[in-house]
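> Sequence and predicted model, in that order:
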Amino acid sequence: MVATPTQRLVVIGNGMAGCRAVEEVLARDPAAYRITIFGAEPRVNYNRIMLSPVLAGEKAFEDIVINDAGWYADNAITLVSGDPVVAIDRAAQTVTAASGRVEPYDRLLLATGSDPFIIPVPGADLPGVVTFRDLDDVDKMLRAAERGGQAVVIGGGLLGLEAAHGLSLRGMGVTVIHLMPTLMERQLDEAAGYLLKTELERRGQTILTGADTAEILGENGHVAGVRLKDGREIAADLVVMAVGIRPATALAKAAGLAVERGVVVDDHMVTSDPAIMAVGECVQHRGACYGLVAPLWEMCRALADAACGLAGPGFAGSVTSTKLKVSGIDLFSAGDFSGGADCEDIVMRDAARGLYKRVVVQDGRVIGAVLYGDTADGAWYFDLLRRGTDIADLRDRLIFGQAHALGGGAATDPLATVAALPDDAEVCGCNGVSKGTVMATIAGGACSLDAVRSQCKASASCGSCTGLVEQLLALTLGDDVQSGPKTMCKCTSFTHADVRRLIVEREFKLIPQVMQELNWSTPDGCASCRPALNYYLLCAWPGQYKDDQQSRFVNERLHANIQKDGSYSVVPRMWGGMTNPDELRAIADATEKYGRMVKVTGGQRLDIFGVKKEDLPKIWADLNAAGMVSGHAYGKSLRTVKTCVGSEWCRFGTQDSTGLGIAIERMTWGSWMPHKFKIAVSGCPRNCAEATIKDFGVVCVDSGYELHVGGNGGIHVRATDLLCKVATEAEAMQVCAAFIQLYREEAWYLERTAPWIERVGLAHVKARLFDAPDAVERLAARFAYAQTFMQDDPWARRAGGEDAELHQHLGEFRPFPTPALLEAAE
Amino acid sequence: MIGEWLDIGPVGQISPGNARTLPVQGGEEIAVFHTLDNQFYALVNKCPHKHGPLSQGIVHGAVVTCPLHSWNISLKTGQALGDDQGCVPTIPVRVDAGRLYLLRAAVIGATAPRAMA
Ligand code: SRM
Ligand SMILES: Cc1cc2nc3c(=O)[nH]c(=O)nc-3n(C[C@H](O)[C@H](O)[C@H](O)COP(=O)(O)OP(=O)(O)OC[C@H]3O[C@@H](n4cnc5c(N)ncnc54)[C@H](O)[C@@H]3O)c2cc1C
Ligand code: SF4
Ligand code: FES
């Protein structure tokens, strides 16, 4: 047993620096202190920089929690949240919280962060004027965004632009008011600022630079607009102030500590009182205050060394780099780029690709870099900058990036680029993780992005180094990398989940629109993303979206299955596996006329093989004439509904399984889905229709119907999970429709129900179906609505002449007997 | 020029993103592609992998993905892209006054790629 520590460490501020400092202390000596953390916010420690993605809808709060309640408990830390400290008594060594709670300390750590600056103009205190600092601010913005309308963001820096981006994704009209002539002027030069402004305007934001706020206008006690000093007025339902931050020093000042712009600390983060340390945005170190996380991590290491009595190098100040977290905008800046007489600028532009690169060199060393459009080399320039590497030998190739500069132009392989990075090169700026640490984490068994993130924190914050970490994984593990939340395909950095959500949220209605708005890296996608986007749009906008034939795999375009010799197979629907002499006769005739073989499939129907693409409309016309329609054996759609004979004939049958199977197939046929979908209905638990390896299976019992989901008889056999039991056929059909619709709306393209349920969990599926009293009805109603557009036999349309050119040759060329005779198809 | 180029009809017969086929008696079937950015290309309609009909693949950029096993074939060069090895003959295409022309000699001389085992 570890002895209970006797020294008491009290931390004021449950934010990024405070908690990281505690982590660093625990890593050095878990028994050094009994720890109490006071937090003004009523929640556990989370990643503040990810508030922007939360606002933009790319993350949920749960995704950005850094330390959950279990962490505090496991480390015996007392968390006093929602109760700010209001006074420090240095003589008695106690702190007092707003609730009156008094806590004694041996060591005190101030980590109060900073306060957003509010410009002192009339109206600044009106309801509807918010800042952007914590989760409560995000909640206020989200609530405002739900009502729609206009947002004005005052401040065109990193925070302001991320707020503007989020609000505009949430559907508000956004105007950014910026005092300076260029956006993010502290990080960007004019050229990059201009490119950024143009891009944001293209996305629909209004950007007013050189604009000074005079007054915030109110109406009925709520914000209504902003008036500029030049007299212009801009209507607003929400005003976000993001003009800057001030170190939160009030407590320290009141306690008589040395405070200038921030709380003054030495290289080990000790304040003017040796018992009190300070860390994070609230401090001032060697005259500098910081507003980004990377330096905070270095501070936390220096502090922990001192607090645990270890000798360490201390904190010597830090250079920072910035990336803007606005999806689709690649922007990087580091160091000093203001230029000057003794500085040399190396610039490269590529207007067609929207690229801009500028590296500032002084005395043979990189002192600043601005990259817009392609930030792949940011880490390399930043590394040269931090090390002060002599670049004389690289000077003329420097601007072309690392691969060219080091490999003389040959090494354009991105993996070669990361392979060439030295071990101590910083990969993740947010968490201060070097390449060596990432490599060691991978060597230690982390073989996915998620594992690396959770084990060494690299790429766990703003995510801008995700690409680098993935390259390191690929470099070390080759094909053994386990992909985490994977992007849809190489054309985009968005995941399936992102794309599905954004299509609905931002009401994208066309494939080119999705590609444009989400910054696809290819002009028109690839064979992976096109079919997925086509499906997502079809599912999101029933009746509105027009199916894109060019985004369909050949089978779905030709409504038949392509075979190895280029011919096709044709499977007519046999409702519930039932057929009759007329149908069999028609199939026999059609096989003789157009096919070469007929076979009973594993799905209780007949498959005619060897049909030529030109003959497909003809065989379909014949089958239609006998009353048969497409069996969709080719589609990411409902395939078969297998049944057994059931109570009508079988001595054990409990219900009419055949009848129910037919009814279900009539209800569900024609629907497009993320992947193929199979159903079966068995008349009793002997389960002759194999219902428990189907996507949706019904097992009839005396008292009703057991409904099963998520089975698969294919590559990985998976037995179904029991979803629920119902008493009537009508209920069984309704739950079936609701389950299918949930799968249609939530699964990723090419994900069968089995892997989908494994991924999201049966509990999630049950909750979505049964938690709200009317969820089943609503899902089933949406399914029924979509079906009104889908249940129309594609074969009949083709047999009637639609899209005839898909089946016909252009003509035939007979060069030899009669040269140049060409019979055009038209 | 006439006679050198084979007129195969108006450009409008092939919608963007699609391909259509031209059987050649005694020769290889040709697939004529119309890409989404309005370029036309022609290839022998046989994938270098196992002779899949390239005309039935999904067209993206100047690439077609074979419908049988998803090799990506460059419409410009006929080369298999990525890790796959193989090449299918290309046939020069011209567009003139709204009509499509194939180089006759290339159409007649086209040979099927040797399929992989
Ligand atoms: C025709 C048929 C085999 C037969 O001769 O019986 C068949 C044929 C094909 N199956 Fe199947 N499957 C057939 C029943 C099945 C069954 C049995 C069943 O449905 O009860 C299964 C296992 C059950 C299941 O899906 O859970 C089955 C599991 C697969 C799988 C593995 C799916 C999985 O999730 O693991 C594939 C591969 C895929 O879809 O990616 C596949 C893929 C295929 C493809 C589409 C392969 C391809 O891409 O070309 C074959 C198309 C042949 C064609 O052109 O017609 N087939 N396939 C059966 C058609 C049934 C029908 O009437 O529609
Ligand atoms: C929206 C947003 C996006 C950002 N994006 C980036 C980015 O991309 N990259 C980057 O490097 N940085 C970014 N930052 C900055 C980064 O979040 C800060 O640098 C970092 O959070 C500072 O850590 P801290 O611990 O000093 O302060 P904080 O994380 O703010 O923590 C301070 C905590 O102390 C609490 N507190 C204050 N006073 C008291 C008191 N009296 N009693 C109890 N508790 C108190 C506060 O409520 C707060 O929870 C971003 C910031 C925001 C707001
Ligand atoms: S098991 Fe299915 S995919 Fe495999 S050969 Fe048979 S029909 Fe084709
Ligand atoms: S035949 Fe084209 S990929 Fe196999």
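Arrived safely. Quantities reported herein were computed from a predicted structural model and do not represent experimental measurements. Numbering: from 1, shown residues only, chains lettered A, B, ... in the order given. Ligands and ions are numbered 1, 2, ... in the order given.

> what about A:Cys529, distance to chain B?
Counting by C-beta to the nearest C-beta, to the nearest Å, the separation of A:Cys529 from chain B is 9 Å. For the C-beta atoms, the positions are set from N, CA and C on the backbone; glycine is no exception.

> Who are the contact partners of that residue?
A:Cys529 sits next to A:488-489, A:491-492, A:520 when contact means C-beta atoms under 8 Å, 6 or more residues apart in numbering or on different chains.

> let's go with 10 Å and repeat that
Each residue near A:Cys529 by C-beta atoms under 10 Å, 6 or more residues apart in numbering or on different chains is listed here: A:487-492, A:494, A:496, A:499, A:511, A:514-515, A:520, A:522, A:536, A:551, A:749, B:60.

> Which entries within the residues you listed meet the buried criterion?
Members of the contacts of A:Cys529 that pass the buried threshold by neighbour count (16 or more other C-beta atoms under 10 Å in any protein chain shown) are listed as A:487-489, A:491-492, A:494, A:496, A:499, A:511, A:514-515, A:520, A:536, A:551, A:749, B:60.

> which among those residues gets closest to ligand 4?
Within the buried ones among the contacts of A:Cys529, distances to ligand 4 taken as C-beta to the nearest ligand atom reach their minimum at B:His60, with 15.3 Å.

> Quick check: chain neighbours aside, which residue is closest to the closest one?
For B:His60, the nearest residue in space outside its immediate sequence neighbours is A:Cys526; the separation is 4.9 Å by C-beta to C-beta, 6 or more residues apart in numbering or on different chains.

> Let me know the pLDDT of the one you found.
Per-residue confidence at A:Cys526 stands at 89 (pLDDT).

> Ok, A:Leu821 next?
In the predicted model, A:Leu821 carries a pLDDT score of 47.

> same check, this time on A:Arg186
Taken from the predicted model, the pLDDT recorded for A:Arg186 is 79.

> how far away is it from A:Glu507?
Shown here: A:Arg186 relative to A:Glu507, a distance of 35 Å by C-beta to C-beta, to the nearest Å.

> quick one: contacts for the residue in chain B that chain A sits nearest to?
Among the residues of chain B, B:Gly17 lies closest to chain A, at 3.1 Å counting by C-beta to the nearest C-beta. For B:Gly17, the contact set (C-beta under 10 Å, 6+ apart) comprises A:524, A:530, A:548-551, B:33-37, B:58-60.

> Next, give phi and psi for the residue nearest the centre of chain B.
Centroid-nearest residue in chain B: B:Leu43, 2.4 Å away (criterion: C-alpha atoms, centre = their mean). Phi and psi for B:Leu43, reported as degrees, to the nearest 10, are phi -140, psi 160.

> Quick one: low-confidence residue ranges for the chain.
Using chain A here. Scanning chain A with the threshold set as pLDDT under 70 gives A:1-3, A:337-341, A:350-353, A:404, A:406-414, A:417, A:461-464, A:479-485, A:816-826.

> ah, no, chain B please
Residues of chain B meeting the criterion pLDDT under 70: B:1-3, B:117.

> In three-state terms, label the residue in it positioned nearest to ligand 1 for me.
Closest approach between chain B and ligand 1, counting by C-beta to the nearest ligand atom: B:Leu68, at 8.4 Å. The three-state label given to B:Leu68 by DSSP: H, G, I helix; E, B strand; the rest coil is coil.

> who touches it in this structure?
A:554, A:562-566, B:47, B:49-54, B:56-57.

> the strands in chain B, which residues?
B:5-10, B:18-22, B:30-34, B:40-44, B:58-60, B:63-65, B:72-74, B:90-91, B:93-96, B:99-103 (DSSP state E).

> what comes up buried for the longest one?
It refers to strand B:5-10. Neighbour counts over strand B:5-10 (16+ other C-beta under 10 Å) mark B:5-9 as buried.

> so which strand or helix has the closest residue to ligand 2 within the stretch 651-800 of chain A?
When C-beta to the nearest ligand atom is the measure, the stretch 651-800 of chain A has its nearest residue to ligand 2 at A:Trp748, with 28.2 Å between them. Taking DSSP states H and E as the criterion, no element holds A:Trp748; it sits outside all helices and strands.

> what's the distance between the residue lying closest to A:His559 once chain neighbours are set aside and A:Ser671?
By the measure of C-beta to C-beta, 6+ apart, the closest residue to A:His559 outside its immediate chain neighbours is A:Pro794, 4.8 Å from it. The span separating A:Pro794 from A:Ser671 equals 13 Å under the rule C-beta to C-beta.

> what about B:Gly109, how many neighbours?
Using other C-beta atoms under 10 Å in any protein chain shown, B:Gly109 has 12 neighbouring residues.

> Check whether it really touches B:Leu102, as I assumed.
No: in this structure, B:Gly109 sits apart from B:Leu102 without contact. The criterion is C-beta atoms under 10 Å, and the distance is 11.7 Å.

> residues shared between the contacts of those two?
Shared contacts of B:Gly109 and B:Leu102, defined by C-beta under 10 Å, 6+ apart, are found at B:Ile91.
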